[in-house]
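Trainee: mind folding the following:
(one chain, ligands or ions: 1)
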Amino acid sequence: MDNNDKILETKNLDLYYGEKQALTDVNLPIAKNKVTALIGPSGCGKSTLLRCFNRMNDLVDNCRITGKILYHDEDIFRPGNDVVAMRKKIGMVFQQPNPFPKSIYDNVAYGPTVHGLKDRKNLDAIVERSLKNAALWEEVHDRLDDPAMGLSGGQQQRLCIARTLAVEPEVILMDEPCSALDPIATSKIESLIDDLKKNYTVIIVTHSMSQASRVSDFTGFMYLGKLIEYGGTEKIFTSPDEELTNNYITGRFG
Ligand SMILES: Nc1ncnc2c1ncn2[C@@H]1O[C@H](COP(=O)(O)OP(=O)(O)OP(=O)(O)O)[C@@H](O)[C@H]1O
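Mentor: Alright, predicted model coming up:
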């Protein structure tokens, strides 16, 4: 991958929870404006790696990290890095939709408001644009003051994506974003992910190999805290180099 195409890259990344090593020497490039999927069996470290990209593991007691993560060629762990500003650029969507107990409008306006924007006209424009980009505007534009909790699960997840988009990130981290959703809501999120990569870089953790092959351009296969193989999604799913990857994608273990 050309250096200009890389937005993030882990270099010799090791992570320990206390004595337990959860990531070992992970070297993974993330291509700009593409979708990268992280797959592998339960407990292999997918979510741990995802959380490293916006330093969410800083909040975990006993967690120690060595190695680097370069974001636009600068190490995100360097002393003095503004973590709040970085998390604005590298947003996160979780497994369970987690809207605030506020109105639809206020959920989306929350981030920009916290970052100091007060002008109602500007906020209105951001809310509309974010909801449109999250493919939710058509369904909610006439009830923006209704409680977000009244939306369906799939709508709540798209609202959470809109909330992330409202602060103009470059990268969106998604941790199993469809695992709490039914197949119809899942397919809406999957087609949204495809649209999002025009303007954003997406990294998605998924248990579903079919989802990884549908939505991603690149795939990393992890096992026991190591990145076993990384490459174009089609190659990983049709002719991987490693026997372990082949055994996983053909369902010999899971
Ligand atoms: N806060 C924590 N403290 C201690 N150990 C942890 C913590 N979070 C995760 N682990 C351990 O680190 C390893 C990797 O966990 P992680 O959740 O990243 O895996 P995963 O591949 O995302 O799994 P799953 O698919 O089940 O979500 C596991 O052995 C897990 O038990």
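
Trainee: pop out the phi and psi values for residue 167.
Mentor: Note on residue 167: its backbone torsions stand at phi -100, psi 20 [degrees, to the nearest 10].

Trainee: list the contacts for it?
Mentor: Residue 167 makes contact with 88, 91, 111-112, 115 under the criterion C-beta atoms under 8 Å, 6 or more residues apart in numbering. For the C-beta atoms, the positions are set from N, CA and C on the backbone; glycine is no exception.

Trainee: quick check, nearest of those residues to residue 185?
Mentor: residue 91 (20.3 Å; C-beta to C-beta).

Trainee: pLDDT check: weakest of the contacts of residue 167?
Mentor: Ranked by pLDDT, the contacts of residue 167 bottom out at residue 115 (87).

Trainee: apart from its neighbours in sequence, what residue is nearest that one?
Mentor: residue 167 (6.6 Å; C-beta to C-beta, 6 or more residues apart in numbering).

Trainee: state the distance from that neighbour to residue 38.
Mentor: Between residue 167 and residue 38 the computed distance is 23 Å (C-beta to C-beta, to the nearest Å).

Trainee: could I get the phi/psi values of the nearest residue to residue 54 once chain neighbours are set aside?
Mentor: Counting by C-beta to C-beta, 6+ apart, residue 54 lies nearest to residue 90, which is 4.1 Å off, once chain neighbours are set aside. Residue 90 has phi and psi values of phi -120, psi 90 when expressed as degrees, to the nearest 10.

Trainee: do residue 30 as well
Mentor: phi -120, psi 120.

Trainee: cool, residue 135 as well?
Mentor: Torsion angles, degrees, to the nearest 10, at residue 135: phi 60, psi 40.

Trainee: next one: it from residue 236, what distance?
Mentor: Distance from residue 135 to residue 236, by C-beta to C-beta: 28 Å.

Trainee: got it, and residue 35?
Mentor: 13 Å.

Trainee: and those two? Which one has more around it.
Mentor: Neighbours per residue, other C-beta atoms under 10 Å: of residue 35 and residue 236, the larger number sits with residue 236, 27 against 24.

Trainee: can I take it that that one is in a strand?
Mentor: No - applying DSSP: H, G, I helix; E, B strand; the rest coil, one finds residue 236 to be helix, outside a strand.

Trainee: nearest spatial neighbour of it, chain-adjacent residues omitted?
Mentor: Using C-beta to C-beta, 6+ apart, the closest residue to residue 236 is residue 219 (4.4 Å).

Trainee: next SSE downstream of the host helix or strand of that neighbour?
Mentor: Assigned by DSSP states H and E, residue 219 belongs to strand 218-223. Moving toward the C-terminus from strand 218-223, the next helix or strand (DSSP H and E) is strand 226-232.

Trainee: ok, residue 147 touching residue 101?
Mentor: Yes - at 7.1 Å, residue 147 and residue 101 qualify as touching, with contact defined as C-beta atoms under 8 Å.

Trainee: quick one, helices of the stretch 1-150 of the chain?
Mentor: 46-52, 83-89, 104-114, 120-133, 137-140 (DSSP state H, counting those that start in this stretch).

Trainee: need the residues that contact stretch 225-241.
Mentor: 15, 21-29, 37, 40, 44-45, 48, 209, 212-213, 216-222, 242, 244-246, 249.

Trainee: next: stretch 102-115.
Mentor: 88, 99-100, 122-123, 126-127, 130-131, 140, 143-148, 151, 159-160, 162-164, 166-167.

Trainee: swap in stretch 130-150?
Mentor: Against stretch 130-150 from outside (C-beta under 8 Å, 6+ apart): 99-105, 107-108, 127-128, 151, 155-156, 158-159, 161-163, 165-166, 188, 191-192, 195-196, 199.

Trainee: in ChimeraX, how would I select just the buried ones from those?
Mentor: Selection of the buried residues among the contacts of stretch 130-150 in ChimeraX, burial being defined by 16 or more other C-beta atoms under 10 Å:
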select :99,103,104,105,107,108,127,128,151,155,156,158,159,161,162,163,165,166,188,192,196
